[in-house]
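1. Can you look at this prediction? I've put the sequence above it.
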Amino acid sequence: MAQITETKRLLTTAKAISEAIAQEMEHDPNVFVMGEDIGAYGGIFGATEGLLDRFGPERIMDTPISETAFIGAAVGAALQGMRPIAELMFVDFFGVCMDQIYNHMAKIHYESGGNLAVPVVLTTAIGGGYGDGAQHSQTLYGTFAHLPGMKVVVPSTPYDAKGLMTSAIRDDNPVLYMFHKGIMGLGWMTPNPRATDHVPEEPYTIPIGKADIKRPGTDVTIVTLSLMVHRALDAADALARDGIEAEVLDLRGLVPLDREAIVESVRRTGRLLVVDEDYRSFGMSGEVITTAIEGAFDYLDAPPARLAYPDVPIPYSRPLEQFCLPNPDTIATAARQIVGR
Amino acid sequence: MAQITETKRLLTTAKAISEAIAQEMEHDPNVFVMGEDIGAYGGIFGATEGLLDRFGPERIMDTPISETAFIGAAVGAALQGMRPIAELMFVDFFGVCMDQIYNHMAKIHYESGGNLAVPVVLTTAIGGGYGDGAQHSQTLYGTFAHLPGMKVVVPSTPYDAKGLMTSAIRDDNPVLYMFHKGIMGLGWMTPNPRATDHVPEEPYTIPIGKADIKRPGTDVTIVTLSLMVHRALDAADALARDGIEAEVLDLRGLVPLDREAIVESVRRTGRLLVVDEDYRSFGMSGEVITTAIEGAFDYLDAPPARLAYPDVPIPYSRPLEQFCLPNPDTIATAARQIVGR
Amino acid sequence: MPTDDVLRELHRQMVRARVFEETIQKAYFEGKTPAFDIAAGPIPGEMHLAAGQEPVAAGVCAHLRPSDAVTATHRPHHVALAHGMDMRRLAAEIFGKETGLGRGKGGHMHLFDPETNFGCSGIIAEGMPTAVGAALAFTKQGRDDVAVSFFGEGAANQGAFHESLNLAALWHLPVVFVCEDNTWAISVPKDKATAIPNNADRSAAYGIPGALVTDNDVVGVYEAAGEAIGRARQGGGPSLIEVETDRLLGHFEGDPQVYRSAEVIEGLQARDAIRRFEKRLADNEVLTGEAAAEVRTAAQAEVDEAIEFARSSPYPDAADALDHVFA
Amino acid sequence: MPTDDVLRELHRQMVRARVFEETIQKAYFEGKTPAFDIAAGPIPGEMHLAAGQEPVAAGVCAHLRPSDAVTATHRPHHVALAHGMDMRRLAAEIFGKETGLGRGKGGHMHLFDPETNFGCSGIIAEGMPTAVGAALAFTKQGRDDVAVSFFGEGAANQGAFHESLNLAALWHLPVVFVCEDNTWAISVPKDKATAIPNNADRSAAYGIPGALVTDNDVVGVYEAAGEAIGRARQGGGPSLIEVETDRLLGHFEGDPQVYRSAEVIEGLQARDAIRRFEKRLADNEVLTGEAAAEVRTAAQAEVDEAIEFARSSPYPDAADALDHVFA
Ligand SMILES: Cc1ncc(C[n+]2csc(CCOP(=O)(O)OP(=O)(O)O)c2C)c(N)n1
Ligand SMILES: Cc1ncc(C[n+]2csc(CCOP(=O)(O)OP(=O)(O)O)c2C)c(N)n1
Ligand SMILES: [Mg+2]
Ligand SMILES: [Mg+2]
C-alpha cells in the first residue's frame, strides 16, 4: 500500500500528475508535452496545469486537431532521442490516430529487433458517469491491453498517479497512461473524497505492472482498477458491516498484468469478483478470471464472477447510464452472492 | 454441421463470397461495393472477383486510399437506405479509420434510439503465417468483438462463408466480416485442402451468432474459429489415432457469441481448450474460458486451457512467426495435457 | 440580394436558435450552482452552445429541404433548428427523455433525425465522410437532394477533412462543406493550428470552388450557400465555404476562458451578429424594432413550450439501456 | 547542372538499387516456382520492388547525410540504399536472418537503421508523421539535420498526408515531403483517386513551396531536392516535391497486372530511366558505355556479396520471437 510519510501534503490527482511531469521536465530537457489545449488551458482535465507558465510554449505545445500527426510526431521525436508526452484528450478519440499508436508507437521497438526505443508517454482521459454520451465516456483499457507493445497504466489515487507518471516518463517503452476523469479531483466533476490525498513532494516511482492491495480481506477478492477501486472500497465498507471482509486489489494498470498478485490473493480468499468499467466481453474481466483459473483453479470455493459494463454503447440519459455502471450496491450484492451470505 | 446437398459443386471460399455478393446485388439494387482494388483487381484476396465485369463501375467502386472517407461514406449511404459493402484490405489497417467504424458505424443505431439502421458489411482480410510482418498478419477479431454495436463474423469454410455473407448483407446491422487469407483458396497462398468445398448455387443463409460443431467428440472441446478450425481438425485426427475424441466447435464469429454452444459442449466433454490466432491476453481466449466458467463450472474435469498467439507483434522471419502460431502438433499436445493421457 | 421575406426569415431562424440556447443554458445550470458539477441537474454532460454562429446555420439551411442531408458537429443546435428539426424532440433529447430524438440515448452531441435527414457527431471532422456518403447515395438513387457538412475551423486540420473533400471532388458528388470559422478550437486559435489564413483556399487542393464569407454576415452566407447548393443540386459537384463567425460563449458551458481576455469577449458580444442584423433590417425598413421584438417573443413562446414538453416527458426505463444495440 | 562526378554518382546509386532488386527478385522466386506460394522460399511475404523509381531516391538522397532522417514506404529498398544503408544487413533482414537490421523481426516493409536514421512503414502515408516528429526533434536539439518523407501518389489522399503537411508548415519544421508518383496505387490509377492532376499543387493548402519534376528525370529531382533540402536545413521550413516516375514491375511480385496492358508495361520498360540516363551520360561524354557496364559489374559484385552474407547468416532462434517486445 502507499507509504504515507509523516507530513501530510494534500494534492488532487490532476496536480499529482502535473507535478510528476514538471519534476521530470526539470531534470530532463528531452521531455516535452504535446496535445490539444494542454497549454493555456492546462489540459481539459488538468493534467498539464501550470506547465506552460513554467516551461514555455517550446516545451508545452498546443497542437492542431491532428492526432495522427502529433502523436506520430511524438513517435518520430522519440526515435531521435526525445521523451515526448502526448495527450489524446479522450480515449474515445483513439480511432482517428490508432495507426500511429498501435502500428508505430507500439511496434517499432520490436520490428527494429530492439535497436530502437520509443519512449513516449501517451496520456488520455477515460470514464463516464456524467452524461457525456457514447463518444466521450468510455474506458477502453481492455482494447489497448489486448494489443502488444505498449505498457498500460491506469492509476486510481493521487499517490499512485504521481509515482506511476514518473515511472512512465522514465520508461524506455511507450506507455499509455489512462487517467479517469472521476479520480482527478476536478472542481467541476462529482466530488470523490479519495481524489485528494497525501502526495510526497520529492519525486518517487511506483513500478509499472505491480498491483496494490488497497484493502486487505479474507472472504473475497475484488479485482479492479481506476475509479472502480473507489466504488469497490465503498462496497467493502458496506460488506464489512455484515462481517464480510473483501480484499480490494487495485491492478493499477493492465500491461504488464500482475498475474501473481491476482493468483496470490485468490488463493487466499478462494473467491473472485472482477469489477470492470470497460465493456464486459473480450476484455479485462475475462482475462482476470482466466488468470485465476490458470493459477488458482484448485483454490476456488466458488466460480469467479464479474460485474462489468454491459456490451452496449454508453447511453446519455442519466438513468440509462447509471443502470450500466457498477456501483457500491451492485458490487456488494455481487460479492455477497459469491460469498454466499 | 453444413448440410451437403447431393450434387457436389466445388468452390473456393473467395468464389463463395463473391457469389454471395453477386446474388444479393442481383436482387437488391441498394447493394454496392467500395474498396481499394476491388474492381479490376477483384480484391487483393479475391472476394470481389468478377463483380466489376458483371455490375460495372457504378456498383463496384475502386476508391482512393482514404479509408476514413469511403468507410464513412458507407455509413452515410447506409443511412440513406443503401446497403454498402466496404472492404478494408487488411484488418491491420483499422487504425486509420477506426473512428468511422467504431464511433459511427457501430454507434449510430443506438444513439438514434433505434430510429436509424446502418446496414453496412465491412469485409476485411485477417491472418498471417506467410511472412508478411507485423502490419499485415494480424487477426484482431478480439479487438472488434470487445466493442459493442457491430456483429463480427469469421467463417472457416466455403459453405459457411457464402451463407454468412448472404446473412451479413441482409442484416440491418453493421457486420464486420473477417476472412482469413488462409481459407480463401487462393492459388498463391499455401494450399489448404478444405478451402475448396461444396457450395450450393442457390442463395442460402447461415444465422449469424450460431456456432457449428465441425467435428463431434466426447473427451475435450476445442473452441476456435477461422483458419484455426482447420488446424484443430488436423489435431483432432491425430488425437483420434490415440483414442482421444476431440470435439471441434467452430464459433463462426464472435458477436453475438454463441455461449450456449460453448457451455453445452463443455458440459458434455468436461474439458475445454481454446485455440486462438489472435493475441492471447484480453481477447477471445479469456472470454470463451470465462463463458465456460460461468456456464459449466461444476462440469469441468480439468481447468480450461488456451493456446493462443503470444502477446508479441507478428515477427517477419519464418522460424519466429511459426513459433508463435498454434499448429496441429501444439494443439494436440495441449489437448493431451488437458485430457491427461 | 435576398427578398425582404427571406431576410425576415433569416432573422427569425437566428433568433429561434439564440432563444433556444439561452433557455437551455439556464436549464443547464440548474443543479450546478453554487458548486458546478457537470453530472448534476436536468442536463448533464458537456454543453456546447453556438451563440454568435447563427448566421451560418440560417444562411445555409434557408436553401435546404428536409430530404437534404445535414451533418453537424458537437455544436449542433443552431444547425438542427435552422434545418427544421422538431424543437420539442430536440429539447427532450437534451433532457435525456423518452420522447427525445434518440429516446435519451444520444444526447446533445448525438442528434439523429430521420424527419430532417439530420445527424451529428462529437468527433471532430468525422461527420464529414457521412455527408459524402449521403451525397453518394443521392446520386445512386437519382435524388436531386444535396448533403451539407458543417464543421469548425479546427476540424480543417483533421485527416477526415482532406479525405472527404478529395473523395467528394473525385466523384463529383452533391456535397457542400461549410466551415464555421469562429477562430477558436477550445483554447487554440486558428493561427496556432492552421498553416494558412483561410481554409476556403484549400478548395484548390481538390479542384472545387471555394468561397470565403467575412464578418459573420448572414446575407453573405445566404448568397454563397445558395450558389454552392444550387450548383450541387444541378450536378455541378461539391464546394467549400468558409464563414468567419463568432463564438460568443465559452467552448462549453463552464469554460473559464482563461485563453482569451474579457476585452476580447466583450468585443465579440459588442458585434453580436443578430443585433447588427436587426439594426440593418431596421435601417432598411425591412423589420422594425417592434417587429423584431415580436419575433423574439414568439420564439420564446415556442421554446418555452418545447422545454416544458421536455421537462414533463418521462425518463426512459433504466433497463432500456440494453435495447437498440442491434436492430 | 550537377557536376560530372555528381552525375556519375547518381547513376551509380540508381544501378546499385536496380541490381540489388533484380537479385532479390530472383531469390524471391526460389521455392515459389512452378507453383507460386507466397509463404515459400528464402524470402516469404509480399515483395514490393522499385524498378523505375531509382531516380527519386538517388536524386533526393544525394543531398543527405546519415544523421538526416528518412522515412520510406512499403517500397523502401531504393531509398534505403541511396541513403547509405548497409546492403548486407538490409539483405539479411529481407532473408529474415539474425544478422538483419531487425534480427529478422521487421522484414522488407519494416526496415529500421539507426546508422542512417532510416525507417519505413507498410501503412500508407503513416510514415509521414514520424518524419515530422524527427524534424521537430532536430529543432529542439539544435541540429541542422533535415527529415525527408517519401510516399506514393496514392498516399496523398490519406488523412496523414494532410495532417503532416499542415503541422510541418505550421511549426516551420525542416521536412521535405517527396511524392513518388508512379501513376499506380496497386491497380488504381492516379486519376481515379486524386481530384487534381498534381499533388505538388497541394502545397498551397499549407503555404509551402511545391515542385513538380516530370519525366522521371534524376537531374530534375537532384535540383529540386537540393533546393528544398537546403532551404529546410537553413531554417526555411518544409517543402513538397512530386516526381513523375515509373513502376516498371507489378505492385508486388506475383501481381498479374490485369489492370494495365502489355503495351503499357512495354512502354514503361522502353523508357527505363536508367537506360535513358546512361545514353545521356554517354552523349555528353560523362560516362562511356564501358564505364557504365563497369558500374553495373561493381554493383553486382557488391550485391552478390551482400546476398551471400544474408544466405549464410543464421536464422534467429525461434524462441527469440518473444524478445524485444519491451526495452
Ligand atoms: C478527433 C477529436 N479530437 C479532439 C476532440 C475534442 N474537441 C471537441 S471540440 C474541439 C474543438 C473543435 O474546434 P472547431 O472544430 O473549431 O469547432 P468549434 O468548437 O469551434 O465549434 C475539440 C478539440 C474531439 N471531439 N475529436
Ligand atoms: C492505410 C493503408 N491502406 C491500404 C494499404 C494497402 N496498400 C499497400 S500499397 C498500396 C498502394 C500504395 O500506392 P502508392 O502510395 O502510390 O505507393 P506505390 O505502391 O505506388 O509505391 C495500398 C493500397 C496500406 N498498406 N495501408
Ligand atoms: Mg472553432
Ligand atoms: Mg503509386
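-> The structure has been received and is ready for your questions. Ligands and ions are numbered 1, 2, ... in the order given.
2. so what's the residue in the stretch 201-341 of chain A that chain D sits nearest to up against?
-> Closest to chain D within the stretch 201-341 of chain A is A:Pro256: 8.2 Å, counting by Cβ to the nearest Cβ. Quick note: C-beta positions are derived from backbone N, CA and C, even for glycine. Residues in contact with A:Pro256 (Cβ atoms under 8 Å, 6 or more residues apart in numbering or on different chains) are A:Lys151, A:Ile208, A:Gly209.
3. near chain D, from these?
-> A:Lys151 (Cβ under 8 Å from any Cβ of the partner chain).
4. For the contacts of A:Pro256, could you give me JSON lines that also reports secondary structure?
-> Shown next, in JSON lines, are the contacts of A:Pro256 (DSSP: H, G, I helix; E, B strand; the rest coil):
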{"residue": "A:Lys151", "secondary structure": "strand"}
{"residue": "A:Ile208", "secondary structure": "coil"}
{"residue": "A:Gly209", "secondary structure": "coil"}
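5. most surrounded residue in the contacts of A:Pro256?
-> A:Lys151 (24 neighbours; other Cβ atoms under 10 Å in any protein chain shown).
6. so what's that one closest to, chain neighbours aside?
-> Excluding its sequence neighbours, the residue lying closest to A:Lys151 (Cβ to Cβ, 6 or more residues apart in numbering or on different chains) is A:Val175, at 4.5 Å.
7. helix/strand/coil for C:Pro129?
-> Under three-state DSSP, C:Pro129 comes out as helix.
8. related to what we said a few turns ago, backbone dihedrals for the residue nearest to A:Lys151, both of them.
-> As for A:Val175, its main-chain torsions (degrees, to the nearest 10) stand at phi -130, psi 130.
9. Correct me if wrong: it contacts A:Pro155.
-> No - using Cβ atoms under 8 Å, A:Val175 is not in contact with A:Pro155, being 11.8 Å away.
10. Mind checking which of those two has more residues around it?
-> When A:Val175 and A:Pro155 are compared for neighbours, A:Pro155 comes out ahead with 29 against 26, by other Cβ under 10 Å.
11. residues touching A:Pro155, list them.
-> A:Pro155 neighbours (Cβ under 8 Å, 6+ apart): A:Thr13, A:Ala161, A:Leu164, A:Phe179, A:Ile183, A:Ser226, A:Arg252, A:Gly253.
12. Ranking by neighbours, what's the top pick from those residues?
-> Neighbour-wise, those (other Cβ under 10 Å) top out at A:Ala161, 34 neighbours.
13. Settle this for me: that one is touching A:Thr13, isn't it.
-> Yes - counting by Cβ under 8 Å, A:Ala161 touches A:Thr13, with 4.7 Å between them.
14. shared neighbours of those two, anything?
-> Shared contacts of A:Ala161 and A:Thr13, defined by Cβ under 8 Å, 6+ apart, are found at A:Pro155, A:Phe179, A:Ile183.
15. Among those, which one lies nearest to ligand 2?
-> A:Phe179 (30.2 Å; Cβ to the nearest ligand atom).
16. Now do the contacts for the closest one.
-> Listed by Cβ under 8 Å, 6+ apart, the contact set of A:Phe179 reads A:Thr13, A:Ile17, A:Phe45, A:Ala47, A:Thr123, A:Thr124, A:Ala125, A:Ile126, A:Val154, A:Pro155, A:Ala161.
17. In a helix, it, correct?
-> No - if the criterion is three-state DSSP, then A:Phe179 is strand and not within a helix.
18. Bridged to it, which residues?
-> A:Ala125 (DSSP bridges).
19. what number of residues lie near the spatially closest residue to C:Pro174 that is not a sequence neighbour?
-> The spatial neighbour of C:Pro174 that comes closest, neighbours along the chain excluded (Cβ to Cβ, 6+ apart), is C:Ala232 at 3.8 Å. By other Cβ under 10 Å, 26 other residues sit near C:Ala232.
20. just C:Glu22 next, same as before
-> Neighbours of C:Glu22 (other Cβ under 10 Å): 14.
21. Please report how far A:Ala332 lies from A:Val288.
-> Distance, A:Ala332 to A:Val288, by Cβ to Cβ, to the nearest Å: 19 Å.
22. out of these two, which sits in the busier spot?
-> Between A:Ala332 and A:Val288, A:Val288 has the larger neighbour count (other Cβ under 10 Å), namely 31 against 24.
23. Would you map the helices across the chain?
-> Answering for chain A, as no chain was given. In chain A, the segments counted as helices under DSSP state H are A:13-27, A:51-55, A:67-79, A:98, A:108-111, A:141-145, A:158-170, A:227-241, A:259-269, A:284-296, A:318-324, A:328-339.
24. right idea, wrong chain: chain C
-> C:4-29, C:54-61, C:77-82, C:87-94, C:128-141, C:159-170, C:218-233, C:262-270, C:273-283, C:289-312.
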